[in-house]
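Novice: 3D model of this:
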Amino acid sequence: MSFHTIIIVGNLGRDPEMRYAPNGNAVTSLNVASNRTYTDSNGEKVKETTWFRVSVWGKQGENANTYLQKGSSVLIEGELRPDKETGNPRTYTRSDGSTGTSYEVNARTVRFLSSKGSSTDNLDAGGSSGPGEDIPF
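Specialist: Okay, the predicted model is just below:
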């Protein structure tokens, strides 16, 4: 038996999208940007953004759809789901022609660090996605 867990802290790149699976279970899709800022060897600040596509199931998914919106800060604990064909992250082409990747996560736990109508300015330790960021999905 094998088991892994991924923990992501980031901000929603757009509003949640909820749908119902054929068995009637709710599933909500979240697009989460996790940012990292560091100083490179030349003394320049570098900002990296990694995008995650997160599926949240059942009542937890319904709550995420109700209480979260674009910009909300979240902590996700879940399982990384690779592309079934390649075993790697999903690749896509950005609007500028460059290649990007997205990581699929099946959430076990979603913690709301902010919610609708609240500011994320002081909660987002890693920065937030801004205008002009390419959202891959």
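
Novice: I figured residue 50 hits residue 32, correct?
Specialist: No: the criterion here is CB atoms under 8 Å, and residue 50 misses it with residue 32 at 9.1 Å. C-beta here means a position set from N, CA and C on the backbone, and glycine is covered the same way.

Novice: Dihedrals phi and psi, the residue nearest to the spatial centre of the chain?
Specialist: In the chain, the residue lying closest to the centroid (CA atoms, centre = their mean) is residue 32, at 1.8 Å. Per-residue torsions, residue 32: phi -110, psi 130 (degrees, to the nearest 10).

Novice: That one: what's it in contact with?
Specialist: Residue 32 is in contact with 8, 10-13, 51-52, 54, 74, 76, counting by CB atoms under 8 Å, 6 or more residues apart in numbering.

Novice: swap in residue 53?
Specialist: Contact analysis of residue 53 by CB under 8 Å, 6+ apart lists 29-31, 90, 102-105, 137.

Novice: Tell me the one of the contacts of residue 32 nearest residue 23?
Specialist: Proximity of those to residue 23 (CB to CB) peaks at residue 54, which lies at 20.0 Å.

Novice: any weak-confidence spans in this protein?
Specialist: Residues of the chain meeting the criterion pLDDT under 70: 1-2, 115-137.
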